[in-house]
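Colleague: here you go, sequence then predicted model.
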Amino acid sequence: MLAGTKHDKRGIYVVLDGLRSAFNVGSILRTSEAAGVRMVYLCGRTAHPPNAKLEKTALGAVNTVAWKYLKTTEDAVAELHDQGVRVIGVETIADSVPYTEFIFPNPVGIVFGHELYGISKPVLARLDKVVRIPMQGFKTSINVATACGIVLFEIVRQHREL
């Protein structure tokens, strides 16, 4: 785990559930650093440092945003719940709500799932709520790193307004 940036950390925790693409993970680390995320949990099969592809995409963020590898995503969700943090998934399931209609608590954990399969069912069962990014085209989802940026900066906007 590495930590230490030039700005105050927000009460935002990112949890990656089995993301295998090192490029997506690197991009998420870079976006998390820009958003002031307190911690990124890299779980299960998620690519994690040391990894040249991840580090290339992260552009140094592996050294400036706190991250932690855990064997299971369930462990990360439990750790956050133990700290009193509500954990929200980003997934396109039937009972999810549009992310723009949800008031994100502070602090908050945000779970993003596998690029093809989404958040695993055992993890979904442990979440406090699930939000989605409404799609306007024929595709039902977008790149996980892009989704992370959209949701993170909505959380930053909401927390700034509080």
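Modeller: Right, received. Where do you want to start?
Colleague: can you show me the helices along the protein?
Modeller: 22-35, 52-58, 73-82, 121-124, 144-161 (DSSP state H).
Colleague: what's the average pLDDT for the first one?
Modeller: By that I understand helix 22-35. Mean per-residue pLDDT for helix 22-35: 96.
Colleague: against which helices or strands is it packed?
Modeller: Secondary-structure packing of helix 22-35 (3 or more C-beta pairs under 8 Å, 6 or more residues apart in numbering; DSSP states H and E): strand 12-17, strand 39-43, helix 52-58, helix 144-161. C-betas here are computed from N, CA, C, even on glycine.
Colleague: swap the cut-off to 10 Å and go again
Modeller: strand 12-17, strand 39-43, helix 52-58, strand 67-70, strand 108-113, helix 144-161 (3 or more C-beta pairs under 10 Å, 6 or more residues apart in numbering; DSSP states H and E).
Colleague: quick one: buried residues of stretch 41-57?
Modeller: In terms of neighbour count (16 or more other C-beta atoms under 10 Å), stretch 41-57 has its buried residues at Tyr41, Leu42, Cys43, Gly44, Thr46, Ala47, His48, Pro49, Asn51, Leu54, Glu55, Thr57.
Colleague: CA atoms of it as CSV?
Modeller: Provided in CSV are the C-alpha atoms of stretch 41-57 (Å, rounded to 0.1, in the frame of the first residue of the first chain):
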residue,chain,number,x,y,z
TYR,A,41,-9.0,-1.7,-3.1
LEU,A,42,-7.7,-4.1,-5.7
CYS,A,43,-9.5,-7.4,-5.2
GLY,A,44,-9.3,-11.0,-6.4
ARG,A,45,-8.0,-11.3,-9.9
THR,A,46,-7.7,-7.5,-10.3
ALA,A,47,-4.4,-6.5,-11.8
HIS,A,48,-2.2,-4.9,-9.2
PRO,A,49,1.4,-3.5,-8.9
PRO,A,50,4.0,-4.4,-9.8
ASN,A,51,2.6,-4.5,-13.3
ALA,A,52,4.2,-2.6,-16.2
LYS,A,53,1.0,-2.1,-18.2
LEU,A,54,-0.9,-0.8,-15.1
GLU,A,55,2.0,1.5,-14.1
LYS,A,56,2.2,2.9,-17.7
THR,A,57,-1.5,3.8,-17.7
